[in-house]
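Participant: task: produce atomic coordinates for the following.
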Amino acid sequence: MGETAREHDRRPDPRPAWDGVRCVPARPGKLTVIIPAKNEEHNIRECIETAAWADEVIVCDSFSTDRTCEIAAGCAASVVQHEYVHSAAQKNWIIPQASCEWVMILDADERITPELRAAVESAINSGKHDGYRVRRRTTFLARPIHHCGWERDYPLRLFRRDRGRYEDRAVHAAVIVDGEVGRIHAPLTHHTDRNLKNYFEKLDRYSSLAAADLFNRGVRFRWWKLLLKPPARFLKMYVWKLGFLDSFHGFLLCGLSAVAIFARYAKLWEMWRNGSAGELPGGRP
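Facilitator: Sure, this is the predicted structure:
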């Protein structure tokens, strides 16, 4: 049963995301895969190879300092570079430049399975919906996670180019689709966090962005949130979402998720104390 994005009245006004859209007619029934990337030389080749069947593959690079662009170009992908402000802004800049009617957003650490390819081709040919949520199957530290709430992960990744844009938010921005949204159950595989160093780098970046988003929306720091929200997140993921069934990896993931919540609210406290969000990971205040 499809979902109608127009029903979500609580979402921010998406119109700014359409500003500056190029009036280039899209190739009907064709697919562009967009891969945002920065310093992904260890991921980008395999990612592009799983998307090579698409009519167009674009790597939107945030001025990588490694071989990401060289490898991507060698895989016959189109490579464009753009200054990174935040994830949603980067994607909203590149989406209108796709030449195809349909766009699929693919992170560099994600892979399109053969089953998903068949399901995406079928969805495009049917034209039944204007966007699709795709089931994502995630591995954490090289182990598949079957619980912790991750088993119900259906990000909206496939949509008509001229019907979908991301919310103008620094972190956890959702895609807003002007039309009917369906679901694809064939899996997109996600190989997140190769090691704990990678996890803590992301934790620092995303907790800063999340805290700044709260600060800029005028959300005040409350000490009880710092005290109660981290253990609540752990209990939700580990007990209610059955994270304990994922063995030690589940325990570790739930504990680290609680740490991420603690970091978010600790940074929010610091922002209110300083009266500013400061310089964020994207290089912007």
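Participant: show me the contacts for residue 58.
Facilitator: 32-35, 77-80, 94, 97-98 (CB atoms under 8 Å, 6 or more residues apart in numbering). C-betas here are computed from N, CA, C, even on glycine.
Participant: now residue 248
Facilitator: No residues are in contact with residue 248 under the rule CB under 8 Å, 6+ apart.
Participant: got the residue ranges for the helices in this structure?
Facilitator: Here the chain has its helices, by DSSP state H, at 44-51, 68-74, 87-94, 114-126, 196-216, 223-235, 247-274.
Participant: show me the shaky parts of the chain.
Facilitator: 1-24, 282-285 (pLDDT under 70).
Participant: which parts of it belong to which domain?
Facilitator: The chain breaks down into these domains under automatic domain parsing: 3-192, 196-274.
Participant: contacts for stretch 61-70, please.
Facilitator: Residues contacting stretch 61-70 (CB under 8 Å, 6+ apart): 36-41, 44, 59, 72, 79-84, 90.
Participant: shouldn't residue 236 be in contact with residue 148?
Facilitator: No: contact criterion CB atoms under 8 Å: residue 236 and residue 148 do not qualify, at 9.2 Å.
Participant: out of the two, which sits in the busier spot?
Facilitator: residue 148 (25 against 16; other CB atoms under 10 Å).
Participant: phi, psi for that one please.
Facilitator: Main-chain dihedrals, residue 148, degrees, to the nearest 10: phi 70, psi 10.
Participant: sorry, back to before: dump the domains of the chain to a markdown table, plus distance to residue 280.
Facilitator: Formatted as a markdown table, the domains of the chain follow (distance: least, CB to CB, whole Å):
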| stretch | distance to residue 280 |
| --- | --- |
| domain 3-192 | 7 |
| domain 196-274 | 6 |
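Participant: many thanks, we can stop here.
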